[in-house]
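Engineer: fold the following for me, if possible:
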Amino acid sequence: MKSAFTAIAALLLAGSTVFAAPDNAYSEKFMARLNQVFGKNSGLTKTQEPAGRIDLTRLLAEGRRNKALLTSEAIDALEQASDRPTNAEYTLDSSMFRYQWAESGADAVDPTDNDNNTIPDFIDSIIAYMDTVYQKYVDAGYIMPPSDGTEGGDEKYDIYFSTSDAGDGVYGFVAFETEIGDNPKSSGVTETMAGTSFMVLRSEYSTMGDTPDEIRNAIRTTCAHEFFHAIQYGYHSEWNGFFSEIAAVWGEEFVFPGADNNFQYISNRYQNTDIPLNILNEETDSIATDLYDYAYDAWYGGWLFLQYITEAFGDSIVRTMYDNALTSPELAAMDAAIREAGSQSDSLLSMVRNFHCAIALMTSNSLCNPLTFSRGDAYYDYLVNTDGITEPYFEGAIDYSGSQVTYDSESDGNGVLMRLSADYIYVEASENFEVKTTVDAQCNNTFSVTLLKIAVDANDDIVAFDSQRATGNNGIFLITVSDAATYDYYFLVVANEDTVRNFASVQYSIAVDQANTTAAIAGIGKADMRNMFSIQSMHASQGLRVNLPPAATLAAYSVNGRQVVSLTAGPQSTIIRNIPAGALIYRCLHEQQFAQKKTVIMK
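Structural biologist: Okay, here's the model as predicted:
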């Protein structure tokens, strides 16, 4: 019999419904995950017994998408979990939403009504949060969810309050209901798989935080997160989990900046960068059987990638991605949006490459731009103080002191480096050195190696930074460091930049040995680079005068990491026009040597 792994992999890779016989193994896993939410070992009973947290929105979507593989028992469980709650005693309508809740029984909300408006204060707070959420997404240009007709009593979007329907450890969920094709609330576009849905929030959130502020932030970010799922269903009912979830978690920060409930997911990416950004649930079976649910964590931690992109190009790029994804696959939609918003050198892959470097550094220090997050220092403080994590997950460590040191990803590491992922190798060296990374020649164009060079002060703050990226030649990636005396340590970022959805990991080897500086830099050393590279600040209307080494390239970045200037092998002395006013960081590259300067262009 075809295994669950093979069957579901075929389904999701094809991106369409598979008409297959029920798969007992897959159904058992699906049921186990439902029972994890609802606290029973078999069947489906909605209780509040302790259980692990899980994303019920995605779980129901997965079950619906793979319904052909479910047994009759699993289908019954899916349909029961997807039913609208029936416990409502009260309803209240706003311009967009209908709220339905109970004030007695197991799912009663706190009836406290301090303002004496006949509405529980808890419901009042949700109404205020949802008004903010709705207006923020409308102002950003997102298409709102379609009407569900008279389901729930009228055409408004229905929000129910029921902890037992949400299950244990679940903040809330959105259940897809009916596919309608085109969304009547859009203009200028025609959706083909839009659908209706409804939202369920918990009737109490006392277990979702240790302080009143934490509970408040959990509630309001849940509103932002889950309504983004409702919006997504109004675009397309079967987008992949990663494309939906990274945006929903990012939406928490977009609507309620500073709430920081999504900080709890940072470690999911910080500690697991060798897993694809767009991982499928079933791929985790190929890594380890106890990681079946890992995809959810990977998607939640993936919000940092969307945050990195929006800091470079602005929040509106997410909406552009969604508009593009109506007619293009998810990754292609993201790539097109980045190319439209950025410069000639910007693409999905270039942003993934920089993102993995930014994750390794996890800093806001402008010396490291564009490999930074605007709140990188806050992210790192949370990792240290809340999660007890002080560094990214290093696959290996190399201490070079003059004799060759080697590393093999399969025998010395975990052997996992899937598409759109990266390994980190920690390197220390007491003298100049050369790093030679070797991979199968067939991977030459879908593989990258970047060395992050870091100097810190007594407080461990970065005081000097540079990066070198190798250009592959028949599977060999060579980086020569001729200024080791300047830096304290190095992060080697080895990345698989393939986008093909398969389950293979790339294997590679590393050799660190004596540096051959003359061959590597063609006679131009770091000091020469700095002397030959100069910038004369001028007004924006006059341009910028730069002097470059022969055959060098120049790139300039704004303080938020967006590349605004690119000059390839131009004249040694030239004036660049159309420079935006403000502070810019300029990086001059000659082969494998960088020099960096900062200047301010006046208006």
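
Engineer: so which strand or helix has the closest residue to Asp315 other than its chain neighbours?
Structural biologist: Once flanking residues are discounted, Asp315 sits nearest to Phe254: 6.1 Å by CB to CB, 6 or more residues apart in numbering. For glycine as for every other residue, the C-beta is placed from the backbone atoms N, C-alpha and C. Per DSSP states H and E: Phe254 is located in helix 241-255.

Engineer: next SSE after that helix?
Structural biologist: Next helix or strand after helix 241-255 toward the C-terminus (DSSP H and E): helix 266-270.

Engineer: so how far is that following helix off the chain centroid?
Structural biologist: Relative to its chain's centre, helix 266-270 lies at 10 Å (CA atoms, centre = their mean, to the nearest Å).

Engineer: stretch 185-197 now?
Structural biologist: The answer for stretch 185-197 is 25 Å, by CA atoms, centre = their mean.

Engineer: same check, this time on stretch 482-491
Structural biologist: 30 Å.

Engineer: and the helices in the stretch 151-300 of the chain?
Structural biologist: Taking DSSP state H, counting those that start in this stretch, the helices of the stretch 151-300 of the chain run over residues 163-166, 212-235, 241-255, 266-270, 294-301.

Engineer: between the ones you listed, which gets nearest to Ala25?
Structural biologist: helix 294-301 (17.3 Å; CB to CB).

Engineer: so what does that closest one touch, helix or strand wise?
Structural biologist: For helix 294-301, the contact count by 3 or more CB pairs under 8 Å, 6 or more residues apart in numbering; DSSP states H and E identifies helix 241-255, helix 266-270 as packing neighbours.

Engineer: which parts of the stretch 251-400 of the chain are strands?
Structural biologist: 396-400 (DSSP state E, counting those that start in this stretch).

Engineer: before we move on, what about the stretch 451-600 of the chain?
Structural biologist: According to DSSP E, counting those that start in this stretch, the stretch 451-600 of the chain carries its strands in the segments 462-469, 476-481, 489-496, 508-514, 534-536, 544-547, 553-558, 563-568, 573-576, 582-590, 593-601.

Engineer: return the helix or strand in this protein with minimum mean pLDDT.
Structural biologist: Taking mean pLDDT, DSSP states H and E as the measure, the chain has helix 4-14 as its least confident helix or strand, at a mean of 33.

Engineer: quick check: buried residues in the following helix or strand past that helix?
Structural biologist: Per DSSP H and E, the first helix or strand lying C-terminal to helix 4-14 is helix 24-38. If you call a residue buried by 16 or more other CB atoms under 10 Å, then helix 24-38 has these buried ones: 26-27, 29-31, 33-38.

Engineer: which other helices and strands contact whatever helix or strand comes next after helix 24-38?
Structural biologist: Going down the chain from helix 24-38, the next helix or strand is helix 56-65, by DSSP H and E. On a contact count with 3+ CB pairs under 8 Å, 6+ apart, helix 56-65 meets helix 24-38, helix 72-82, strand 172-181, helix 241-255.

Engineer: re the thing from before, TSV for the buried residues of helix 24-38, including pLDDT and distance to Met144?
Structural biologist: TSV is the format used below for the buried residues of helix 24-38 (pLDDT from 0 to 100; distance: CB to CB, whole Å):
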residue	pLDDT	distance to Met144
Tyr26	82	34
Ser27	87	35
Lys29	83	35
Phe30	85	31
Met31	87	34
Arg33	81	30
Leu34	84	30
Asn35	81	34
Gln36	77	32
Val37	77	28
Phe38	73	31
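
Engineer: Serialize those to TSV and add fields for distance to Ser125.
Structural biologist: Shown next, in TSV, are the buried residues of helix 24-38 (distance: CB to CB, whole Å):
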residue	distance to Ser125
Tyr26	40
Ser27	40
Lys29	37
Phe30	35
Met31	35
Arg33	31
Leu34	30
Asn35	32
Gln36	29
Val37	25
Phe38	27
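
Engineer: would you confirm that Tyr270 contacts Leu383?
Structural biologist: Yes. The pair Tyr270 / Leu383 is scored as a contact, 6.3 Å apart, by CB atoms under 8 Å.
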